[in-house]
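Sequence first, predicted coordinates after that:
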Amino acid sequence: MTRAAAPTLLAVAHGTRDRAGIATYHALLDEIRAQRPGLTAHLAFLDLAPPAPARVLADLSGAVVLVPLLLNTGYHTRVDLPAVRATAPHLDIRVAPALGPDPLLAAALGDKLAEAGWFRTRSGADAVVLTAAGSTDPAAGADTALMAGLLRQRLGQPVVPAYLCASTPTPADTVDALRAAGHHRVAVARFLMAPGHFARRAGRAGGCLTSAPLGAHPDVARLVLKRFDEASRGTA
């Protein structure tokens, strides 16, 4: 009996003009391939950078799993990815859900905060602002709130979500509010995939420190593979 070929992974990112951001996504693909030798994995961008998903899909055959490198449910997962799927009727395509919320992201966020110099004190006067891109989709806000809860469990410290666009509160307002409430040390955790416009804005929120975007953290790669496996089995 001939064994069916394993699906191809197509990781689909939002896109950025930032060269460091694009390099970060490629580094994540390298980490995914290192964790799963033999897996055929490609990268595409919905906007702002090539290649477009349709261009990559045109050259593929067989089964493909689209894994969005997106941290929340929203317009891109509800509208853009089904539209991408429709461009390639010659393929057996399954679409995985967004990466977040998930405990693996909380682990990666905790590591990024530690790398930036964050440490837990016993004073109870510390807090973290989980800074997301933002969306007008209520589901995205709900996902970010759940992610804040997971990070709170991980850190044992207050974690409050904030948004860089399309929603409130803003990171700067949240930092100010936490300080006014008696939290003397307030860190900003970038709940973002890669360097770019939003990452720079998060760095201006006024926290005592700001962690780096999630990037090619090994737990992010593990989560991409988790979503890939779930969709491949039809359990996503």
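Yes, it's here. Bear in mind that the values here come from a model prediction, so they are computed numbers and not experimental data. Residues are numbered from 1 along each chain as shown.

Could you look up the SS state of the residue most central in space within the chain?
Of all residues in the chain, the one closest to the mean position by C-alpha atoms, centre = their mean is Leu71, 3.5 Å from it. Put simply, Leu71 is coil when judged by DSSP: H, G, I helix; E, B strand; the rest coil.

tell me the phi and psi of the closest residue to Ala177 other than its chain neighbours?
Spatial nearest neighbour of Ala177, excluding adjacent residues (C-beta to C-beta, 6 or more residues apart in numbering): Pro169 at 7.2 Å. Any C-beta I mention is one placed from the backbone N, CA and C, and that applies to glycine too. Dihedral pair for Pro169: phi -80, psi 160, per degrees, to the nearest 10.

if I pick Pro169, what's in contact with it?
Counting by C-beta atoms under 8 Å, 6 or more residues apart in numbering, Pro169 touches 162-163, 177.

Unless I misread the structure, Ala205 falls within a strand.
No. If the criterion is three-state DSSP, then Ala205 is coil and not within a strand.

From Arg36, how far out is the nearest residue to it once chain neighbours are set aside?
Excluding its sequence neighbours, the residue lying closest to Ala205 (C-beta to C-beta, 6+ apart) is Pro171, at 3.6 Å. Pro171 sits 35 Å away from Arg36, going by C-beta to C-beta, to the nearest Å.

can you check Pro89 too?
Distance from Pro89 to Arg36, by C-beta to C-beta: 27 Å.

Please say which of those two ends up with more neighbours.
Taking other C-beta atoms under 10 Å, Pro89 and Arg36 do not tie; Arg36 has more neighbours (18 against 7).

Can you give me the distance of that one to Gln153?
Distance from Arg36 to Gln153, by C-beta to C-beta: 28 Å.

quick one: least confident helix or strand in this protein?
helix 75 (a mean of 81; mean pLDDT, DSSP states H and E).
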